[in-house]
Every structure is written in C-alpha cells, then in structure tokens.
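Enquirer: Got a sequence here, can you build the structure:
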Amino acid sequence: MKVLLLCDDFWHPAEVIERGLQSMDPEELEFDVVKTAKDILSPAFVRRYGVLVNCHGDGVNASNTNPWFEPGVTEFGPEDFQDYVLGGGGLVVVHSGLTVSGPDHPEPAYTETVGSYFLNHPAREMTHVKITARNEITEGVQDFSERDEHYQTAVTADDIEPFMETTSEHGGTNVSGYRRSCGKGRVVVLTPGHTLAVWENIHFQKLLKNAVRWAAKA
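Expert: Below is the predicted model:
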C-alpha cells in the first residue's frame, strides 16, 4: 500500500521522521514523503492515495515559516482535507499535524475533521504512553516510555474512541490516541512523535502501521 506522508516544518524537521521510517520493517507499506506540501499537493494528487499521514505543521517547510495555507495560492487546504476524508479517504494525524489549527490560527474545516487541536506542551521530558483500550490499532502494542514533547490538546469532537493516554511529570495525563469515523472516511490521531526515540520505538511503529491500515480500511 502506498501511503502519502507529509512532514517538515520549522519545529519538526523531516529528518526525524525519515530516520524513523528507515528503521521500520516496511512490510506492505510504502511511504511517499512530501515536504513542501504547499507547492506539491492538489486534490487530484492526494486522491492517488487511500490514506494520508500528516506530520506537518502550519508552515511551508523547515526553512520557510510562512503559512502553509494561502487563499488563491494553496491548492490543497483545510477544506480539501475535509473533502478527502468525507469522500472515503483515511487520515492519520501524528504530533505536529495537530498544530495546523489552533486558537491563534483557527482552521475550522481541519479541526472538524481531526477532532482536536494542539494547546501546549511542557519542556521535553520522559513521557509514558499507556494503552487504554484494545482494538485493531492497539493490537500487539505495549505501554512504552520515551523522552518526548508531551502534547496537551483540546478535543472538539464528541464521537472520538480513545485508546491511549500519555502522562508526564509536568504535562499531567492527556488523551494521546483516538479514532473516529468522518463521513465515508476514517481518522486516527496519535500525539507522540517529536523525537527520533519515539519514531524508532517498536511499539510506536506498530501503532502507526496499525493506524494506517485501519484508516485505509485495509
């Protein structure tokens, strides 16, 4: 299965994710990495893929902090994310993908689709990931701990199915993994993923692969 993966913004360079992907057993998943989404994505381009993984925040790329979405310029924006999922596409949002929308730069269509947005995080510290429900996404996954940015988020959707939580000394306890259906499509959110240690963790890798398959209805 070919998977479209978006990454590379100022606070989340693509190298972290690319190195993490290199350490994964590829199995039947082939990740097609796009870094400068603003100048590459279009609705037709994205429809080539049954599932999209967004690890990309609101910026052009790691060297250009200008906004990703610009009316009259950007060909694939928040409404197109929504249309893609409503039409049957799978969306997996990892870590910085939650920063696309927020109180300071609201993108209602994106938030409506994802079901939450980023609020804050304490300084990087040991973060403990606990599986709270068993389903297709958590199958074969065990609790794990890694140093990470512990995201605190605002959940806006009332139909999420949580399956994971994270706890840290200064970040408290937060829902860090959930799934939901949206129109004909499926959405999975995973909040860990700032550091290479997380991306190389075998349990996080299993979560990601399971999430992709579930979102793609594979």
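
Enquirer: May I see the buried residues of the helix ranked longest in the chain?
Expert: Longest helix in the chain by number of residues (criterion: DSSP state H): helix 202-215. Counting neighbours by 16 or more other Cβ atoms under 10 Å, one finds that the buried residues in helix 202-215 are 203-215. All C-beta atoms are positioned from the backbone trio N, CA, C, and that covers glycine.

Enquirer: do stretch 97-114 as well
Expert: Counting neighbours by 16+ other Cβ under 10 Å, one finds that the buried residues in stretch 97-114 are 97-102, 107, 109-114.

Enquirer: for that stretch, what is the average pLDDT?
Expert: Averaged across stretch 97-114, the pLDDT comes to 95.

Enquirer: Figure out the length between the terminal residues of it.
Expert: The first residue of stretch 97-114 is 9 Å away from its last residue (Cα to Cα, to the nearest Å).

Enquirer: Could you list the residues in contact with it?
Expert: By Cβ atoms under 8 Å, 6 or more residues apart in numbering, the surrounding residues in contact with stretch 97-114 are 6, 9, 53-58, 67-69, 77-79, 81-82, 85-86, 91, 93, 116-119, 151, 153, 156-157, 182, 187, 189, 191.

Enquirer: Buried only: go through those residues for me.
Expert: 6, 9, 53-58, 68-69, 77-79, 81-82, 85, 91, 93, 116-118, 151, 153, 157, 182, 187, 189, 191.

Enquirer: Which ones among the residues you listed lie within strands?
Expert: Among these, the members falling in strands are 6, 53-55, 91, 93, 116-118, 153, 182, 187, 189 (criterion: DSSP state E).

Enquirer: From the geometric centre of this protein, which residue sits farthest away?
Expert: Residue farthest from the centre of the chain, counting by Cα atoms, centre = their mean, is residue 72 at 25.8 Å.

Enquirer: sec struct for it, please.
Expert: State at residue 72, reduced to three classes by DSSP: H, G, I helix; E, B strand; the rest coil: coil.

Enquirer: can you pull the pLDDT of it?
Expert: Taking residue 72 on its own, its pLDDT is 91.

Enquirer: can you tell me how far it sits from residue 109?
Expert: Between residue 72 and residue 109 the computed distance is 17 Å (Cβ to Cβ, to the nearest Å).

Enquirer: Low-confidence stretches in this structure?
Expert: Across the chain, not a single residue meets the criterion (pLDDT under 70).

Enquirer: May I ask you to confirm that residue 18 belongs to a helix?
Expert: Yes. For residue 18, which was evaluated using three-state DSSP, the result is membership in a helix.
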